[in-house]
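[1] Make a model of this:
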Amino acid sequence: MKYELTIDGIKCVGCINRIKNVVENIKGVISYDITLDTKVLTITVKKESVLDEVIKKITDLGFEVKDKIVCK
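    Prediction:
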């Protein structure tokens, strides 16, 4: 399952690295990509419950997930 998450609060490369460090350690994440330009995390997960964990961890870092789009 592939999703695009728009994340509010990203200001610099350090923010991107903090998010990457959290995401890459979550079991069930198949792949991900995030850029400073778009502030969008494109992520592929094994099941939706993994995405819920990703969103919680990002929120715990102090960022806000604004939009969640399911990609086809």
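[2] Every contact and neighbour count from this point should use C-alpha atoms.
    Will do.
[3] tell me the strands in this structure, going along the chain?
    2-8, 29-34, 40-45, 64-71 (DSSP state E).
[4] Remind me what the third one packs against, helices and strands.
    Read it as strand 40-45. Counting contacts by 3 or more CA pairs under 8 Å, 6 or more residues apart in numbering; DSSP states H and E, strand 40-45 is packed against strand 2-8, strand 29-34.
[5] Out of these, which is the most enclosed?
    For the helices and strands packed on strand 40-45, average neighbour numbers computed from mean count of other CA atoms under 10 Å are highest in strand 2-8, which has a mean of 18.
[6] Show residues contacting that strand.
    Defining contact as CA atoms under 8 Å, 6 or more residues apart in numbering, one finds that strand 2-8 is touched by 39-45, 63-72.
[7] Would you mind writing the CA trace of stretch 21-39 as CSV?
    What follows is stretch 21-39 as a C-alpha-only set of coordinates in CSV (Å, rounded to 0.1, in the frame of the first residue of the first chain):
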residue,chain,number,x,y,z
ASN,A,21,15.5,8.1,11.3
VAL,A,22,12.1,7.3,12.7
VAL,A,23,10.6,5.8,9.5
GLU,A,24,13.5,3.6,8.6
ASN,A,25,13.2,1.8,12.0
ILE,A,26,9.5,0.9,11.7
LYS,A,27,8.9,-2.7,10.8
GLY,A,28,6.6,-3.1,7.8
VAL,A,29,7.9,0.0,5.9
ILE,A,30,8.8,-1.3,2.5
SER,A,31,10.1,2.0,1.0
TYR,A,32,9.9,5.7,1.5
ASP,A,33,11.1,9.0,0.1
ILE,A,34,10.8,12.6,1.5
THR,A,35,12.1,15.9,0.2
LEU,A,36,12.5,19.3,1.7
ASP,A,37,11.0,20.9,-1.4
THR,A,38,7.6,19.2,-1.3
LYS,A,39,7.4,18.3,2.4
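[8] and it, how far from the chain's centre?
    5 Å (CA atoms, centre = their mean, to the nearest Å).
[9] How about residues contacting it?
    In this structure, residues lying in contact with stretch 21-39 by CA under 8 Å, 6+ apart are 6-8, 10-13, 16, 20, 40-47, 50, 53-54, 57-58.
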